[in-house]
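*Asks:* model this:
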Amino acid sequence: MLGLIGKKVGMTQVFDEKGRLTPVTVIKIEDNVVIANRTDEKNGYSAAVLATGDKKKSQITKPYAGQFKEICDPKSVVMEMRDFDSDVNVGDKLGVDLFKDVAFVDITGTSKGKGFQGGMKRYGFGGGRATHGSKFHRDLGGTAMSSTPSRTFKGHRMAGHMGNEKVTVQNLKVVAVDSEMQVLMVKGAIPGPTQSTVIVKKAIKK
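*Replies:* Numbering: from 1, shown residues only. This is a model prediction of the structure:
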């Protein structure tokens, strides 16, 4: 499966030849360097190990730097891409041109953290009546069984930590691929804040 590591730049809008406006997310694809290949014979599975992003020398340990030896400068992000469709060799640099013939992509990122939230915001509960005297406006309602012994089942939707989790948005249309600026424009929004790391893969359902 084709996949690259990118960085979310932000959102903008583009117009097509008929003047129709399309909201797009801009993803910067910096040089993805192949630092290793996993094979079925040696590792039991097939994958390409990609690395991107500059890393300060003060943050690098010798064991970490060892995987980049004689290939490239140490990078900040290292990821495996399982069952990579394209034949690549160690040292190859991959760019946004990899998606020139791809119409739809799946994008994985870490969603924005929203802290501790109640059930209505976290799960979209409707709440109770908003009228005076109802005494049930934004409460969760019942959380346990009415039998004895009473207990709350694991996984019950209640207040808690919201966001800051791995999210994948599927079947996003590729609007433009700019080889000069090394950016990919996809229709719609993707998870994560600006400048966050995302994984762009060829859509598996298209």
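*Asks:* Going by C-alpha atoms from here, please, whenever you check contacts or count neighbours.
*Replies:* Will do.
*Asks:* which residue ranges form the helices in this structure?
*Replies:* Here the chain has its helices, by DSSP state H, at 40-43, 62-66, 119-123.
*Asks:* Relative to residue 81, which of those helices is closest?
*Replies:* When the helices of the chain are ranked by proximity to residue 81, the top entry is helix 40-43, at 13.8 Å, counting by CA to CA.
*Asks:* ok, residues contacting that closest one?
*Replies:* By CA atoms under 8 Å, 6 or more residues apart in numbering, the residues outside helix 40-43 that reach it are residue 46.
*Asks:* That one - what's its average pLDDT?
*Replies:* The average pLDDT within helix 40-43 is 90.
*Asks:* And stretch 104-116, by the same measure?
*Replies:* 96.
*Asks:* In it, which residues are buried?
*Replies:* Neighbour counts over stretch 104-116 (16 or more other CA atoms under 10 Å) mark 104-112 as buried.
*Asks:* repeat for stretch 121-134
*Replies:* Neighbour counts using 16+ other CA under 10 Å place residue 122 of stretch 121-134 among the buried residues.
*Asks:* so where's this structure uncertain?
*Replies:* Judged against pLDDT under 70, the chain has no low-scoring part.
*Asks:* Could you rerun that using 80?
*Replies:* 1, 85-86 (pLDDT under 80).
*Asks:* Strands of that one, start to end?
*Replies:* 3-15, 21-28, 32-38, 47-54, 75-82, 93-94, 104-110, 115-117, 160-162, 166-178, 183-187, 197-202 (DSSP state E).
*Asks:* Dump these to JSON lines, plus distance to residue 149.
*Replies:* Listed next are the strands of the chain as JSON lines, based on distance: least, CA to CA, whole Å:
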{"stretch": "strand 3-15", "distance to residue 149": "50"}
{"stretch": "strand 21-28", "distance to residue 149": "52"}
{"stretch": "strand 32-38", "distance to residue 149": "53"}
{"stretch": "strand 47-54", "distance to residue 149": "51"}
{"stretch": "strand 75-82", "distance to residue 149": "48"}
{"stretch": "strand 93-94", "distance to residue 149": "60"}
{"stretch": "strand 104-110", "distance to residue 149": "39"}
{"stretch": "strand 115-117", "distance to residue 149": "29"}
{"stretch": "strand 160-162", "distance to residue 149": "25"}
{"stretch": "strand 166-178", "distance to residue 149": "36"}
{"stretch": "strand 183-187", "distance to residue 149": "51"}
{"stretch": "strand 197-202", "distance to residue 149": "46"}
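*Asks:* Cool, thanks, signing off.
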